[in-house]
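Engineer: okay, structure incoming, though there's no sequence with it:
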């Protein structure tokens with residue numbers, strides 16, 4: 001009779017290896033989140049040595065009654081939808097173009113992702129220089145060369161033009177993320193499927209609809225969901241470009257540090273978290289655990 005050999009459990013080793021990551025998550029994510037929820041129920045002074053006053057749900061009711069919150073929410077939703085749609089469509093189009101052999105393809109791919117890997121602060125000041133009222137290249141071409149404007153527009157002084165600029169900037173900066181994601185999945189599609197479609201006389205649109213779209217759908221949903229979350233919380237790019245586009249990130253920042261109302265700012269962030277949580281739950285229902293769309 002053979003002796004029974006018991007294999008040592010790897011649970012202890014796994015827990016030991018995961019413990020540093022779990023600790024960092026609790027320290028950098030869970031604790032700030034719980035602290036933020038706690039602050040939303042208090043009138044919290046900027047000075048931590050001063051006592052906080054419990055106010056219950058008054059900050060949440062103030063936010064719900066604040067018309068500026070709904071204005072910022074509307075601007076943020078429009079900004080997010082336009083930037084996510086624009087960056088996704090352009091990223092997919094560029095990925096389809098690059099998903100074929102041609103000369104200097106690797107060099108061209110490297111140039112495509114430059115806007116994504118370059119620090120935002122550098123890109124923002126480059127754009128502010130281009131759209132400068134006095135010596136920007138955009139006003140020079142539009143006014144002096146092509147005579148599109150009678151006088152140089154004040155791009156960042158007008159809410160509409162400022163909004164258009166921040167949307168175009170976001171699309172240009174972040175489309176390489178979609179490009180990289182789509183290009184990776186496109187290269188895994190079996191080429192024989194396209195050959196069979198060619199034999200059947202399928203057009204480019206039919207091949208995209210029948211072959212390409214089902215294959216990239218899981219990645220498409222993931223890209224749209226992640227980019228929606230990131231753009232919904234956008235602050236840095238818009239804040240550095242202009243003060244005329246009051247998205248929720250800027251509204252929250254001004255509430256906290258311009259008006260010194262940390263409690264209301266915390267309640268705003270909790271409300272944003274609830275909105276994004278609902279978006280994530282809805283999007284997860286569209287993709288099963290195997291990564292295929294439902």
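Structural biologist: Structure's in. What do you need? From a predicted model like this one, the values you see are computed outputs, not experimental measurements. Numbers count the residues shown, from 1 in each chain.
Engineer: which residues of the stretch 1-150 of the chain fall in strands?
Structural biologist: 42-43, 53-54 (DSSP state E, counting those that start in this stretch).
Engineer: winner for burial among the ones you listed?
Structural biologist: strand 42-43 (a mean of 17; mean count of other Cβ atoms under 10 Å). Where C-beta positions appear, they are placed from N, C-alpha and C, glycine not excepted.
Engineer: okay, how far is it across stretch 134-148, tip to tip?
Structural biologist: Stretch 134-148 has its terminal residues 16 Å apart, counting by Cα to Cα, to the nearest Å.
Engineer: next, the buried residues of it.
Structural biologist: 136, 138, 139, 143 (16 or more other Cβ atoms under 10 Å).
Engineer: just name the closest of the residues you listed to residue 182, please.
Structural biologist: Checking the buried residues of stretch 134-148 against residue 182 by Cβ to Cβ gives residue 138 as the nearest, at 30.0 Å.
Engineer: need the pLDDT of the residue minimising distance to the centre of the chain.
Structural biologist: The residue lying closest to the centre of the chain (Cα atoms, centre = their mean) is residue 230, at 2.7 Å. pLDDT recorded at residue 230 is 90.
Engineer: ok, the buried residues of stretch 134-148 vs residue 183, which is closest?
Structural biologist: Residue 183 lies nearest to residue 138 out of the buried residues of stretch 134-148, by Cβ to Cβ, at 30.6 Å.
Engineer: how near is the closest one to residue 156?
Structural biologist: Note on residue 138: its distance to residue 156, by Cβ to Cβ, to the nearest Å, is 11 Å.
Engineer: mind listing what's buried along stretch 102-110?
Structural biologist: For stretch 102-110, the neighbour count (16+ other Cβ under 10 Å) marks residue 109 as buried.
Engineer: need the residues that contact that stretch.
Structural biologist: Contacts to stretch 102-110, defined as Cβ atoms under 8 Å, 6 or more residues apart in numbering, come from residues 98, 183.
Engineer: about what we covered before: can you pull the residues that touch both of residue 138 and residue 156?
Structural biologist: Common neighbours of residue 138 and residue 156, using Cβ under 8 Å, 6+ apart, are residue 131.
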